[in-house]
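Enquirer: give me coordinates for this.
(chains A, B, C and D)
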Protein chains: 4
Amino acid sequence: MSADPPPQDEAAAPVPPARPLVDVAALQDAIARFARERDWEPFHSPKNLAMALTGEVGELVELFQWLSEDASRGVARDPLTARRVRDEIADVLVYLVRLAAVLEVDLDEAVRSKLATNASKYPVHLARGNAKKYSDHRK
Amino acid sequence: MSADPPPQDEAAAPVPPARPLVDVAALQDAIARFARERDWEPFHSPKNLAMALTGEVGELVELFQWLSEDASRGVARDPLTARRVRDEIADVLVYLVRLAAVLEVDLDEAVRSKLATNASKYPVHLARGNAKKYSDHRK
Amino acid sequence: MSADPPPQDEAAAPVPPARPLVDVAALQDAIARFARERDWEPFHSPKNLAMALTGEVGELVELFQWLSEDASRGVARDPLTARRVRDEIADVLVYLVRLAAVLEVDLDEAVRSKLATNASKYPVHLARGNAKKYSDHRK
Amino acid sequence: MSADPPPQDEAAAPVPPARPLVDVAALQDAIARFARERDWEPFHSPKNLAMALTGEVGELVELFQWLSEDASRGVARDPLTARRVRDEIADVLVYLVRLAAVLEVDLDEAVRSKLATNASKYPVHLARGNAKKYSDHRK
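Expert: The predicted structure follows:
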């Protein structure tokens, strides 16, 4: 006659799967189709894709190189620059997702594992505070 | 009296939303919390994050620099290297997602727009085939 | 019977050679010998060296990524960091000089030509002044 | 009564100075003047210059990213590509030399010290041979 739900029933109920941290499956499919249609697959070795990633990151960095940190925060205020930043970020993401695909790296699993590593590497009570500490912990 | 469904009804029917190409909301939240707990937000200017991205891509590239393209395809066969590759890819993704967040760039919208641009920039009948064409079209 | 010096004499006078902007011949030799002794030449394709350059630049950038611009100016004050900066700069230079060598690029000629291009691209009266102008001219 | 030359004489003889591995003094002067004339000095913090270096390396890498290693060796055969490669290499060198200057890093001393380190890190009898060994020693 208790209103409490019986524990065993809870246990039996389907556990909702943890929400993925990242889901890029649809993008992976779109890029794979794009490459296949153009016969670009032979060029997409991990080595080449890592280089392409470099090139795109270089273009992204160029947008910030002469700006102060403060100015870099407001970079989206100019619509033209905002668009260029968005496009370069997209380029980096496309090559990164493609690289993960050809290497069969599960991105969700990869970041989940990395965040766990980072959490133990930079415990809150030690990492808190100033740049110096932060930099030192980065080593 | 036609058996055909009236067009207006179709229009009225709920259109299923397009599946997102990327969904990184949960990762963005996790990174934001991580940074907030450690008071690292002041360091996360777009300028600094673009630099951090560079550093991580550099570490990723180092794993492939002396390998042939073929060897780079098999890099996951060695468990230790596979793990390093996975970790470096995760590091790049974390900083990229964080950069997009602080700039309020919607990654799904960004890649969607970029793929459309690429599709018109590299039409299948022109882009198909060899490296030369590919490279030229990249310019 | 003219008191003017005969032109042919002037022509005969030794013209002091223009001082080279850069002279890296001895470093090129040292690196070539280093690679040859270790049978590393097969790895030193331009493609691989460009990647190695990326990796080293990534390590250099990491030293500055969380620093403010001002702090980056004083980075040499800490002897340990000063040494790391010096070593990373040296690594970048070594790979750059090696890349130029395998591609038979004359670095002195290359920078001479580039400085001339830059001088006409950024005329003093236009380029002078603020970051905005500077960035715009960089495009 | 020995025919051997007395040691003290040798010591007294002028020792020819070791030839510098690199001499970039004239380029440093030219860049400094170029920046001063355009009031660009405030932008040339080490942090910003490290970013600019990244951007230029990215442009250099893009020239090689879809090429096989073999094709990368012959990249100078096409005059247009040869010129682009030369220009990008020059851009990288200019920013590297400028970065060294603002940090007061003596490039000759830096590479001399680094080559000595490398020589003890990769002894010929261990480093010789295949890519695997090479990569492992790079760690």
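
Enquirer: burial count for residue A:116?
Expert: Counted with other C-beta atoms under 10 Å in any protein chain shown, the neighbours of residue A:116 add up to 10. Using the backbone N, CA and C atoms, a C-beta is placed for each residue, glycine as well.

Enquirer: let me redo that: residue A:75
Expert: If you count neighbours by other C-beta under 10 Å, residue A:75 ends up with 18.

Enquirer: isn't it up against residue B:46?
Expert: Yes - using C-beta atoms under 8 Å, residue A:75 is in contact with residue B:46, at 6.1 Å.

Enquirer: list residues touching both of these two?
Expert: Common neighbours of residue A:75 and residue B:46, counting by C-beta atoms under 8 Å, 6 or more residues apart in numbering or on different chains, are A:64, A:85, B:103.

Enquirer: how about a markdown table for those, with neighbour count and distance to residue D:40 added?
Expert: Shown next, in a markdown table, are the shared contacts of residue A:75 and residue B:46 (neighbours: other C-beta atoms under 10 Å in any protein chain shown; distance: C-beta to C-beta, whole Å):
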| residue | neighbour count | distance to residue D:40 |
| --- | --- | --- |
| A:64 | 25 | 17 |
| A:85 | 24 | 23 |
| B:103 | 19 | 26 |
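
Enquirer: how close does the residue lying closest to residue A:69 once chain neighbours are set aside get to residue C:34?
Expert: Among residues not flanking residue A:69 along the chain, residue B:45 sits closest, at 4.0 Å (C-beta to C-beta, 6 or more residues apart in numbering or on different chains). Distance, residue B:45 to residue C:34, by C-beta to C-beta, to the nearest Å: 40 Å.

Enquirer: likewise residue A:43?
Expert: In this structure, residue A:43 and residue C:34 are 32 Å apart, going by C-beta to C-beta.

Enquirer: picking up where we left off before, which one among the shared contacts of residue A:75 and residue B:46 gets closest to chain C?
Expert: Within those, proximity to chain C (C-beta to the nearest C-beta) peaks at residue A:64, which comes in at 9.9 Å.

Enquirer: look up phi and psi at that closest one.
Expert: Backbone geometry at residue A:64, expressed as degrees, to the nearest 10, gives phi -110, psi -10.

Enquirer: now do the contacts for it.
Expert: The contact partners of residue A:64, by C-beta under 8 Å, 6+ apart, come to A:72, A:75, B:46, B:47, B:50, D:51.

Enquirer: residue B:45 and residue C:34 - which one has more neighbours?
Expert: The neighbour comparison of residue B:45 against residue C:34 (other C-beta under 10 Å) goes to residue B:45, with 23 against 18.

Enquirer: in chain A, which helix is the longest?
Expert: In chain A, taking DSSP state H as the definition, the longest helix is helix A:79-102.

Enquirer: does chain B sit close to it?
Expert: Yes - using C-beta under 8 Å from any C-beta of the partner chain, we find that helix A:79-102 touches chain B at A:85-87, A:89-94, A:96-97, A:99-100, A:102.

Enquirer: state the mean pLDDT of that helix.
Expert: The pLDDT scores in helix A:79-102 average 97.

Enquirer: enumerate the positions of it that are buried.
Expert: The neighbour-count check on helix A:79-102 (16 or more other C-beta atoms under 10 Å in any protein chain shown) flags A:84-102 as buried.

Enquirer: before we move on, the earlier item: farthest-apart pair in the contacts of residue A:64, please.
Expert: The distance between the two most remote of the contacts of residue A:64 (C-beta to C-beta) is 13.8 Å, for A:75 and D:51.

Enquirer: for chain B, see how far away residue A:118 is.
Expert: Remark: distance between residue A:118 and chain B (C-beta to the nearest C-beta, to the nearest Å) = 7 Å.

Enquirer: kindly report the same for residue A:124.
Expert: Distance from residue A:124 to chain B, counting by C-beta to the nearest C-beta: 5 Å.

Enquirer: tally of neighbours for that residue?
Expert: 11.

Enquirer: contacting residues for it?
Expert: Applying C-beta under 8 Å, 6+ apart, we find residue A:124 in contact with B:37, B:38.

Enquirer: how much space between it and chain D?
Expert: Separation of residue A:124 from chain D (C-beta to the nearest C-beta) stands at 27 Å.

Enquirer: and that residue, what are its phi and psi?
Expert: phi -50, psi -50.

Enquirer: what do you get for residue A:106?
Expert: With angles defined as degrees, to the nearest 10, residue A:106 sits at phi -80, psi 110.

Enquirer: OK, contacts around it?
Expert: Residue A:106 makes contact with residue A:100 under the criterion C-beta under 8 Å, 6+ apart.

Enquirer: residues from chain A in reach of chain D?
Expert: So chain A meets chain D at A:43, A:48, A:51-52, A:54-59, A:61-62, A:64-66 (C-beta under 8 Å from any C-beta).

Enquirer: now with 6 Å, please.
Expert: For chain A, the residues in contact with chain D (C-beta under 6 Å from any C-beta of the partner chain) are A:43, A:48, A:51, A:52, A:54, A:55, A:58, A:61, A:62, A:65, A:66.

Enquirer: reformat those residues as TSV; add neighbour count.
Expert: Formatted as TSV, the residues of chain A next to chain D follow (neighbours: other C-beta atoms under 10 Å in any protein chain shown):
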residue	neighbour count
A:43	20
A:48	24
A:51	28
A:52	24
A:54	31
A:55	24
A:58	26
A:61	25
A:62	22
A:65	23
A:66	22
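
Enquirer: list the buried residues in the host helix or strand of residue A:113.
Expert: Assigned by DSSP states H and E, residue A:113 falls within helix A:107-121. Within helix A:107-121, the residues scored as buried using 16+ other C-beta under 10 Å are A:107, A:108, A:110, A:111, A:112, A:114, A:115, A:118.

Enquirer: from chain A, which residue is nearest to chain D?
Expert: residue A:58 (1.6 Å).

Enquirer: OK, contacts around that residue?
Expert: By C-beta atoms under 6 Å, 6 or more residues apart in numbering or on different chains, the residues touching residue A:58 are D:54, D:55, D:58.

Enquirer: nearest spatial neighbour of it, skipping sequence neighbours?
Expert: Once flanking residues are discounted, residue A:58 sits nearest to residue D:58: 1.6 Å by C-beta to C-beta, 6+ apart.

Enquirer: now residue A:118
Expert: Per C-beta to C-beta, 6+ apart, closest to residue A:118 is residue B:34, 7.1 Å.

Enquirer: how close does that neighbour get to residue A:114?
Expert: For residue B:34, the distance to residue A:114 (C-beta to C-beta) stands at 11 Å.

Enquirer: try residue A:122
Expert: Noted for residue A:122: a distance of 12 Å to residue A:114, by C-beta to C-beta.

Enquirer: cool, and residue A:77?
Expert: Taking C-beta to C-beta, one finds residue A:77 at 32 Å from residue A:114.
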